[in-house]
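> Need the 3D shape of this:
(one chain, ligands or ions: 1)
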Amino acid sequence: MGAPSTPPANFTGGNTQGLDPAPVPTQAGLDPIIVQVITIKRFEFDGIDQFKYSTKVLDIGTGTGLWPIDFADEFPGAEVIGTDISPIQPAWVPPNVKFELEDATDTWTWAENSIDFVHMRYLFGAIADWNGLFKEAFRTCKPGGYIQSCEIDPAFCCDDGTIDYDLAIRALNKLVRDGGEKMGRSFCVVEERLQLTAAEAAGFVDIKEVNYKLPVGGWTKDVRLGEIGQFLKSTMDNDIEGYTLILWHDILGWPKDEYQVCLMNMRKALKNKRYHAYMNLRYVYARKPEQEKTDEE
Ligand SMILES: C[S@@+](CC[C@H](N)C(=O)[O-])C[C@H]1O[C@@H](n2cnc3c(N)ncnc32)[C@H](O)[C@@H]1O
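Residues are numbered from 1 along each chain as shown. Model prediction:
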């Protein structure tokens, strides 16, 4: 990673700039990225074909329910349930989709061994205990069932040093890392390998990871990634205040009077065409082992 994890010595906590993802990022802002990203990597793993038939699928922390709707359209034989603590899901959905209010950090209400496929996406900043979350996914998954977890880190990274001395980006990265730590709910799930550790600890097998560097802005030569980068940049530009406000003022208590200047400098950094920043995104796929046969069977 090219981006330093701490601000330079003369960083005072704010008159540079700083941004941070909000504890609950605005759904509207994330949607364009989501739509783009899932077209890179959708429902791809060994065994996906079985979802053509009668299966029960859970989407945890579903938000506006984009993923269940897409999945249900593609696999009409599946019953797809999206859960969330916020009732922000649409009413007009495919007949094989429904939504339920449920806190993913509590014990799930779904019975043991009852779900064929558990999907979780963009829960960074929302989960204190990733091992606990994956433990519930494991418990509710049928033997031989699958999970898919997708997370993105809001910290800016770079491989060619072009962002290394930008104080706004340094402040953003510090805000994200320190804010997550103080809240006890990390925003840097990819960096901390939390999905992988949790999948392993829960007992899943055949754990696979697929990693992407998502450019911030259209600087990459790859046309598809460039398009995603433009979405990502626009989203950040639009939502930066929503992402940073609570962390800056309430969680970390950084100097109030420096916040607006920081925001302005962050927006300037986003527009800087010489910068080659990206965010890390990781898909983790895993399978619950088939039940071991006992001697009596
Ligand atoms: C960034 S959104 C992602 C939405 C969706 N997964 C997607 O990819 O489009 C995070 C969602 O997680 C939900 N969430 C946060 N904490 C939660 C919890 N403890 N239990 C269930 N959902 C939660 C939020 O309400 C929000 O809708």
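> Contacts only, for the closest residue to the ligand within the stretch 151-297 of the chain.
Of all residues in the stretch 151-297 of the chain, the one sitting closest to the ligand is residue 185 (8.9 Å; C-beta to the nearest ligand atom). To be clear about C-beta, it is placed using only N, CA and C from the backbone, and glycine gets the same treatment. With contacts defined as C-beta atoms under 8 Å, 6 or more residues apart in numbering, the neighbours of residue 185 are 23, 125, 126, 127, 128.
> hang on, the last one packs against residue 181?
No. In this structure, residue 128 is not within contact of residue 181 by C-beta atoms under 8 Å, at 11.4 Å.
> between those two, which one's more packed in?
residue 181 (14 against 11; other C-beta atoms under 10 Å).
> rewinding a little: ok, the contacts of residue 185 vs the ligand, which is closest?
Of all the contacts of residue 185, the ligand sits closest to residue 126, with 3.6 Å by C-beta to the nearest ligand atom.
> element containing the closest residue to residue 152 other than its chain neighbours, please.
Distance criterion C-beta to C-beta, 6 or more residues apart in numbering; nearest residue to residue 152, sequence neighbours excluded, is residue 281 at 4.3 Å. Using DSSP states H and E, residue 281 sits in strand 278-287.
> can you list contacts of that strand?
By C-beta under 8 Å, 6+ apart, the surrounding residues in contact with strand 278-287 are 37, 41, 45, 47, 144-158, 189-191, 195-196, 199, 204-216, 229, 232.
> Quick one: buried ones out of the residues you listed?
Among the contacts of strand 278-287, those classed as buried by 16 or more other C-beta atoms under 10 Å are 37, 45, 145-158, 189-191, 195-196, 199, 204, 212, 214-216, 229, 232.
> Give me the subset of these lying in helices.
Taking DSSP state H, the ones among the buried ones among the contacts of strand 278-287 that sit in helices are 37, 195, 196, 199, 229, 232.
> Could you list which of those residues also contact the ligand?
When contact is defined as C-beta under 6 Å from any ligand atom, those do not meet the ligand at all.
> sorry, back to before: which ones among the buried ones among the contacts of strand 278-287 lie within strands?
Those of these mapping onto strands are 145, 146, 147, 148, 149, 150, 151, 152, 212, 214, 215, per DSSP state E.
> Where is pLDDT lowest across these?
Across the set of those, residue 212 stands lowest in pLDDT, at 86.
> how near is it to residue 150?
10 Å (C-beta to C-beta, to the nearest Å).
> and what of residue 230?
Distance, residue 230 to residue 150, using C-beta to C-beta: 20 Å.
> Let's see the strand holding residue 281 as PDB, backbone CA atoms only.
What follows is strand 278-287, C-alpha atoms only, in PDB (Å, rounded to 0.1, in the frame of the first residue of the first chain):
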ATOM      1  CA  TYR A 278      -7.900   3.100  -5.300                       C
ATOM      2  CA  MET A 279      -9.900   1.200  -2.700                       C
ATOM      3  CA  ASN A 280      -9.600  -2.500  -1.900                       C
ATOM      4  CA  LEU A 281     -12.600  -4.700  -2.400                       C
ATOM      5  CA  ARG A 282     -12.700  -8.400  -1.400                       C
ATOM      6  CA  TYR A 283     -15.200 -11.200  -2.200                       C
ATOM      7  CA  VAL A 284     -15.000 -14.200   0.100                       C
ATOM      8  CA  TYR A 285     -16.800 -17.400  -0.800                       C
ATOM      9  CA  ALA A 286     -17.000 -20.400   1.400                       C
ATOM     10  CA  ARG A 287     -19.000 -23.600   1.900                       C
END
